[in-house]
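1. Need the 3D shape of this:
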Amino acid sequence: MRNFLIGNCMNLIRKEQPQLSEIQLEQIEYGLAGVYLSITKVIIIMVVAILLGILKEYLYFLAIFAIIRTNAYGMHASKSWICLLFSSVTFLGFPLLAIYMTIPFLVKYILGIATILYIFKYSPADTKKRPIISKQKRLRHKLLATLTAIIFVILSLFITNPFVSNCFIWSLVLMCIMISPITYKLFNLPYNNYLNYVS
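-> Numbering: from 1, shown residues only. From the prediction side, this is the model:
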């Protein structure tokens, strides 16, 4: 199915845009493959979430996490099956934790401070395919990610809905996992990729 859809799209692009070079076509094909994998991954996880009866909670957690990831970045698995497995465990596991595990106020406070400091130290964590080369851009992303983390912690401490409150804290914990040098090492991924472009 994947090869069929992408192949048809590429044939249409070649027909409509004959001036494109082979390198440009390869880039487009790579992008289409990424979109296809992302869509299929989300559909699979959503189906499992429906079966577990946590679709709303999954979508809520995913939305919150997407906000912090926008600036903190983080690892991307090198293989699609690893990405699917990791995403399934995390994006289904953390909403379940947010539903069923009550975090005491003091623990939430300590965990919040720890995640803010960790995000300040290690974000933004780039990837080999998307290195953040600009020093100004890295600093901007770091500050925005840290500010977002601070807001998340404040919200988690004052929101009375336990699930929503937990989602803010657990999303920061997941973000710390995804930007950690240890996680990059466990998945055999290069860390601080921008250093390859800085003289």
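
2. Got the confidence number for the residue nearest the centre of the chain?
-> Within the chain, the residue whose C-alpha comes closest to the C-alpha centroid is Arg69; the distance, by CA atoms, centre = their mean, is 5.3 Å. At Arg69 the predicted local confidence, pLDDT, stands at 94.

3. what's the single longest helix in this structure?
-> helix 22-52 (DSSP state H).

4. could you say what helices and strands the strand or helix carrying Ser171 packs with?
-> Here Ser171 is covered by helix 162-179, with elements defined by DSSP states H and E. Here helix 162-179 is seen to pack against helix 55-72, helix 80-100, helix 105-122, helix 135-158 when contacts are counted using 3 or more CB pairs under 8 Å, 6 or more residues apart in numbering; DSSP states H and E. C-betas here are computed from N, CA, C, even on glycine.

5. With adjacent residues omitted, what lies nearest to the residue nearest to the centre of the chain?
-> Setting aside the residues directly before and after it, Arg69 is nearest to Met175 in space (CB to CB, 6 or more residues apart in numbering), at 6.6 Å.

6. The one you found touches Ile68, doesn't it?
-> Yes: taking CB atoms under 8 Å as the contact criterion, Met175 and Ile68 are neighbours in contact, 5.0 Å apart.

7. shared neighbours, those two?
-> Counting by CB atoms under 8 Å, 6 or more residues apart in numbering, the contacts common to Met175 and Ile68 are 119, 149.

8. What lies in contact with stretch 32-41?
-> When contacts are defined by CB under 8 Å, 6+ apart, stretch 32-41 is touched by residues 2, 5-6, 9-10, 80, 83-84, 87.

9. tell me which residues of that stretch are tucked away?
-> When burial is assessed from 16 or more other CB atoms under 10 Å, stretch 32-41 yields the following buried residues: 32, 36, 41.

10. now, among these, which is nearest to Glu57?
-> Closest approach between those and Glu57, by CB to CB: Lys41, at 18.2 Å.

11. mind listing what Phe163 touches?
-> Residues near Phe163 by CB under 8 Å, 6+ apart: 57, 60, 98-99.

12. Lys142 contacts Asp126, correct?
-> No: contact criterion CB under 8 Å: Lys142 and Asp126 do not qualify, at 11.6 Å.

13. which non-adjacent residue is nearest Phe61?
-> With CB to CB, 6+ apart as the criterion, Phe61 has its nearest non-adjacent residue at 4.4 Å, and that residue is Pro95.

14. Understood, closing this out.
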